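S.K.: Next one to model:
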Amino acid sequence: MAQAHPSGSGPARRRRGRAQGPLRALLAMLLTALVVGGAVPYVAGPGRSYLSYLVLAEQADAAGAARAGAEARAAGGQVVQEYPQIGVVLAYATGGFADKVRARPGVAMVGATRTAPVPGPPRPLDGAGDFRAGIGADRADGGRSTDGGAGNGGAAGPPGVLAGHGTDGAADFGGSRTADGADDTTATVADPAERDAWNLAMLGVAGGPGGDTSPTVLRTPSAGPGAPAADALRRVLVAVLDSGVDDTHPDLRAAVDPKSSASCADGRPDARTGAWRPDLGVGESGHGTHVAGIVGAARDGHGVSGVAPGVRIAAVRLLGPLGQYYAENIVCGMLWAADHGAKAINNSYFADPWKYNCPQDRDQAALTAAVDRAVGYARRQGAVVVASAGNDGQDLGAPRTDDRSPNDRTSGPAQSRYLGTECVRLPGELPGVVTVTALNRDGHPSAYSNYGRGRVSLAAPGGDPDGGTQGAIVSDWPGGQYAALAGTSMAAAHVTGAVAVAAALHPDWGSDRLAELLATTAAASCPPGPQACGDRQYYGAGTLVLPH
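M.R.: Numbering: from 1, shown residues only. Sure thing, here's the model as predicted:
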């Protein structure tokens, strides 16, 4: 959703931390976890404070991960998860851990993934899953932490409350959003009965009597010789990395695939039943359900219809009680989705605690490299990685301001960082990612949408936050409800659904070819001209159209 995060340089953050005192900061974190998560998720140490780190080996494979783990342990760290697919481990440690490990042979980079300390490593996790058979199995010294994020960012909350979140939907917007028991910020709307789906019409979806909004392309024999279109889509899996998905929602019961779903809310895959569902005690936890509905809600005359009704959805929850999308959550989710065969991976958020990660900062450079390795792995496994462009109205190809990082601080005012173009949003500005801008119902760019020539790939319906049910995107909300939201989160979800359609039509194609098909189809449908579909600064290749 529309989010940003409080900011400040590393030294400034450390000065604030000393002024507040480490014990106060730790107590605040514990109180926050109790309020929003119901339990303290960390193993408390004797008066110590820990940060989480990603340690990247020079060798991006299982042998590299083993080396990184050994060096992390030798430096006093506790390794809680290995990512053997990309030669990375997640460790918790105190003191000068990063500098010690950076000096070790075979280690490429080390980065702290958070700025606010926690009392200890995550608690042990019973019955966790693994990435795939024999890969990434949970370690005995591992456990569960509480990361992820979505919410109504802005000024810092009361002392001890984390100061921001990272979804790209409509959390900051007024209009269709008012207080509601489902989320404290989101108003639900009446069952739309699949009527007035302007967003689907913009993609070239055919309408019909009784709210029939099935894609025209899926009613053709192109889905496979002699195979019904629904069967072709059912063989396609897409992943929604987000705040969790309510698979009890009538629109999504048949869509969410439990065997392919998990929680990565602490950087570790937790495949226990229901771990992928949203935690309604955390703000904006309904965001993932809304995104999933846009991707693949059932077409049955009730509720909403997704872009690819019938597709299977891997629900991968990144949001935890502390409300952040830390880099380890993203790495875990990306690898989980890739290893379970996802053809598209939807990322409607940006990484915490830094809204933009800069290569000059050793921590931020390591986080960028780790997420980049995970994205590269997913693409090599055949997944199109889709991401929202963000809701700050900024030109991603120009210097910009970040006034909310680091957003996981527990106190202190926001400060501004003035950044160059080398600083990037994760994962949207990584190479090979399909980055999506938002359009209003009239086809023009939404004012809130980020943009940038050479920085964005496609434009898709994102809606007007002040447009109500007629101008925003109506989709599913937890508890069998519906909500009208707007944002680049919604735009990205349309592209993910379109990838599913493309994959159903071309089951043997890899990720690059599928992404190229969407770009070619979009470009072919675009008229030229400033502020029109041919303006690459706002539209990338053009306005998304369902492939056929």
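
S.K.: who does whichever strand or helix holds I345 touch, helix- and strand-wise?
M.R.: Assigned by DSSP states H and E, I345 belongs to strand 344-347. Contact partners of strand 344-347 among helices and strands, from 3 or more C-beta pairs under 8 Å, 6 or more residues apart in numbering; DSSP states H and E: strand 237-242, helix 327-339, strand 384-388, helix 488-505. The C-beta positions use only the backbone N, C-alpha and C, and glycine is treated the same way.

S.K.: Going along the chain, name the helices of this protein.
M.R.: 10-20, 22-37, 62-74, 97-102, 198-202, 229-234, 287-296, 327-339, 362-380, 468-471, 488-505, 511-524, 536-539 (DSSP state H).

S.K.: Quick one: the ones you listed as a markdown table, columns for distance to A387 and mean neighbour count too.
M.R.: What follows is these, written out as a markdown table (distance: least, C-beta to C-beta, whole Å; neighbours: other C-beta atoms under 10 Å):
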| stretch | distance to A387 | mean neighbour count |
| --- | --- | --- |
| helix 10-20 | 26 | 14 |
| helix 22-37 | 26 | 18 |
| helix 62-74 | 25 | 20 |
| helix 97-102 | 28 | 18 |
| helix 198-202 | 19 | 20 |
| helix 229-234 | 23 | 19 |
| helix 287-296 | 12 | 33 |
| helix 327-339 | 10 | 30 |
| helix 362-380 | 9 | 23 |
| helix 468-471 | 24 | 16 |
| helix 488-505 | 6 | 31 |
| helix 511-524 | 12 | 19 |
| helix 536-539 | 16 | 22 |
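
S.K.: Select, out of those helices, the one closest to G274.
M.R.: For G274, the closest of those is helix 287-296, at 13.6 Å, according to C-beta to C-beta.

S.K.: could I get that closest one in PDB with only the CA atoms?
M.R.: Below are the C-alpha coordinates for helix 287-296, written out as PDB (Å, rounded to 0.1, in the frame of the first residue of the first chain):
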ATOM      1  CA  HIS A 287      -3.800  -6.300   2.200                       C
ATOM      2  CA  GLY A 288      -2.700  -9.800   1.000                       C
ATOM      3  CA  THR A 289      -6.300 -11.000   0.800                       C
ATOM      4  CA  HIS A 290      -7.200  -8.000  -1.300                       C
ATOM      5  CA  VAL A 291      -4.200  -8.600  -3.600                       C
ATOM      6  CA  ALA A 292      -5.000 -12.300  -3.900                       C
ATOM      7  CA  GLY A 293      -8.600 -11.600  -4.900                       C
ATOM      8  CA  ILE A 294      -7.400  -9.400  -7.800                       C
ATOM      9  CA  VAL A 295      -5.100 -12.200  -9.000                       C
ATOM     10  CA  GLY A 296      -7.500 -15.200  -8.900                       C
END
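
S.K.: Report the angle between it and strand 384-388.
M.R.: Interaxial angle, helix 287-296 versus strand 384-388 (axes from the mean of the first three to the mean of the last three C-alpha atoms, to 10 degrees): 130 degrees.

S.K.: closest one to A523 among the helices and strands packed on strand 344-347?
M.R.: A523 sits nearest to helix 488-505 of all the helices and strands packed on strand 344-347, at 14.1 Å, using C-beta to C-beta.

S.K.: And the closest one, how far out from the chain middle?
M.R.: Here helix 488-505 is found 15 Å from its chain centre; the criterion is C-alpha atoms, centre = their mean, to the nearest Å.

S.K.: Report the angle between it and helix 287-296.
M.R.: Using the same axes, to 10 degrees, the interaxial angle of helix 488-505 with respect to helix 287-296 works out to 40 degrees.

S.K.: CA-only coordinates of helix 488-505 in CSV, if you can.
M.R.: Extracted in CSV, the C-alpha atoms of helix 488-505 (Å, rounded to 0.1, in the frame of the first residue of the first chain):
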residue,chain,number,x,y,z
THR,A,488,0.4,0.2,-7.1
SER,A,489,-0.2,-2.9,-5.0
MET,A,490,-3.4,-3.4,-6.9
ALA,A,491,-1.7,-2.7,-10.2
ALA,A,492,0.9,-5.3,-9.6
ALA,A,493,-1.7,-7.9,-8.8
HIS,A,494,-3.3,-7.4,-12.2
VAL,A,495,0.0,-8.2,-13.9
THR,A,496,0.5,-11.3,-11.8
GLY,A,497,-2.9,-12.5,-12.9
ALA,A,498,-2.0,-11.8,-16.5
VAL,A,499,1.2,-13.8,-16.1
ALA,A,500,-0.9,-16.7,-15.0
VAL,A,501,-3.1,-16.4,-18.1
ALA,A,502,0.1,-16.3,-20.3
ALA,A,503,1.5,-19.4,-18.5
ALA,A,504,-1.8,-21.3,-19.1
LEU,A,505,-1.6,-20.5,-22.8
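
S.K.: could you give me the average pLDDT of that helix?
M.R.: Looking at helix 488-505 alone, the average pLDDT works out to 97.

S.K.: Any figure for the gap between S475 and A344?
M.R.: S475 sits 17 Å away from A344, taking C-beta to C-beta, to the nearest Å as the criterion.

S.K.: Which one of those two is surrounded by more residues?
M.R.: Taking neighbours as other C-beta atoms under 10 Å, S475 and A344 compare with A344 leading, 31 against 28.

S.K.: who's in contact with the nearest residue to that one once chain neighbours are set aside?
M.R.: Leaving out its chain neighbours, the residue that sits closest to A344 by C-beta to C-beta, 6 or more residues apart in numbering is V499, at 3.8 Å. Each residue near V499 by C-beta atoms under 8 Å, 6 or more residues apart in numbering is listed here: V238, K343, A344, V384, V386, L514, A515, L518.

S.K.: doesn't N346 make contact with the first one?
M.R.: Yes. Taking contact to mean C-beta atoms under 8 Å, the distance of 6.8 Å between V238 and N346 places them in contact.

S.K.: Check what pLDDT P530 gets.
M.R.: pLDDT, P530: 62.

S.K.: Same question for C533.
M.R.: On the pLDDT scale, C533 gets 78.

S.K.: didn't it look like it was pressed against A541?
M.R.: No. Contact criterion C-beta under 8 Å: C533 and A541 do not qualify, at 9.5 Å.
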